[in-house]
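>>> the following block contains a protein sequence and its predicted model.
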Amino acid sequence: MNKLFIAFILAAVPLFGFAAGGGAHLDDADIDMGDEASLQRGAKYFVNYCLSCHSAQYQRYNRTAKDLGLTEEEVKQNLMFTTDKIGETMTIAMSPEDGERWFGVAPPDLSVIARARGVDWLYTYLRSFYIDESRPFGVNNVVFPDVGMPHVFWELQGMQKAVFKDDGGNKVFEKFEQVTPGSMSTSEFDQAMRDLTAFLSYIGEPIQMERKRLGVWVLLFIAVFFGLAYMLKKEYWKDVH
């Protein structure tokens with residue numbers, strides 16, 4: 001018994017460490033997976049700003065068209081820049097070796113990043129880049145310290161600096177201050193990152209909306225079955241008690 005308990009604790013420790021992350025406060029993503037327009041905008045941001053370095057190798061373009069309420073022709077014209085075959089997956093031309101040489105680490109595939117990190121983590125991370133001249137790309141991230149990724153959304157968000165305060169010898173993030181404006185207001189950029197987060201959540205589990213819909217019916221069936229089973233039990237045992 002003791003060995004099983006120790007094994008469980010050792011297996012759970014990495015999960016606790018991962019959940020703790022870097023200690024940054026995570027904002028509520030508040031995404032709506034039933035909002036097709038939001039998912040479509042998120043797909044646009046993904047192919048325009050992410051797909052050049054990050055693949056989504058488990059997501060097919062024709063599946064995206066079907067689930068997001070788009071025609072295959074619309075997907076071909078607006079979302080397909082790496083292939084001309086609608087049945088292809090969202091892959092990129094850059095090899096992992098080139099990515100590691102250019103960025104220090106190969107950019108990860110984003111197919112299941114929302115499931116691995118969580119939508120609140122993604123939403124906060126995408127909005128938390130700040131100026132840091134000591135880093136190779138001149139930026140750092142509050143949620144992911146010493147990140148190897150450039151701030152690809154700087155034209156939309158602008159550039160901001162992070163203000164830290166000293167808390168007993170520890171540097172704790174306090175707030176952001178805008179240095180140069182972007183083409184979007186703060187609320188517009190927040191919505192854009194919410195749309196992108198929703199799309200990344202979708203490709204992490206394209207069937208999730210159908211799963212949730214079926215889940216409601218399953219729970220209703222279980223509730224009705226429980227009632228019938230309870231009444232049957234009472235009828236069966238009434239003469240025994």
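That came through, no problem. Residues are numbered from 1 along each chain as shown.

>>> for the nearest residue to residue 189 once chain neighbours are set aside, what are phi and psi?
Spatially, and ignoring its direct neighbours in sequence, residue 189 is nearest to residue 157 (4.8 Å; Cβ to Cβ, 6 or more residues apart in numbering). C-betas here are computed from N, CA, C, even on glycine. Note on residue 157: backbone dihedrals following degrees, to the nearest 10 are phi -90, psi -30.

>>> which helix or strand contains the closest residue in space to residue 86 that isn't next to it in sequence?
Leaving aside its chain neighbours, residue 86 sits nearest to residue 62 (4.7 Å; criterion: Cβ to Cβ, 6+ apart). Residue 62 is located in helix 61-67, with elements delineated by DSSP states H and E.

>>> helices and strands around that helix, which ones?
helix 72-78 (3 or more Cβ pairs under 8 Å, 6 or more residues apart in numbering; DSSP states H and E).

>>> contact partners of the helix it packs on?
44, 61, 62, 64, 65, 84, 86 (Cβ atoms under 8 Å, 6 or more residues apart in numbering).

>>> generate a ChimeraX selection restricted to the buried subset of those residues.
Listed next is the ChimeraX selection for buried residues among the contacts of helix 72-78, using 16 or more other Cβ atoms under 10 Å:
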select :44,61,64,65,86
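
>>> what's the lowest-pLDDT member of the contacts of helix 72-78?
Minimum pLDDT across these is recorded for residue 84, with 83.

>>> quick one: the helix or strand hosting residue 124 to chain centroid distance?
Take DSSP H and E as the rule and residue 124 turns out to sit in helix 119-126. Distance of helix 119-126 from the chain centroid (Cα atoms, centre = their mean, to the nearest Å) equals 7 Å.

>>> pLDDT of that helix, averaged?
97.

>>> sorry, back to before: I figured the residue nearest to residue 189 hits residue 190, correct?
No. With contacts counted by Cβ atoms under 8 Å, residue 157 stays clear of residue 190, the gap being 9.4 Å.

>>> each with direction, which strands does the lengthiest strand in the chain pair with?
Looking across the chain with DSSP state E, the single longest strand is strand 170-181. Next to strand 170-181 in the sheet, as set by DSSP bridges, lie strand 158-167 (antiparallel).

>>> what does the strand it pairs with contact?
Residues contacting strand 158-167 (Cβ under 8 Å, 6+ apart): 129-132, 140, 142, 151, 171-182.
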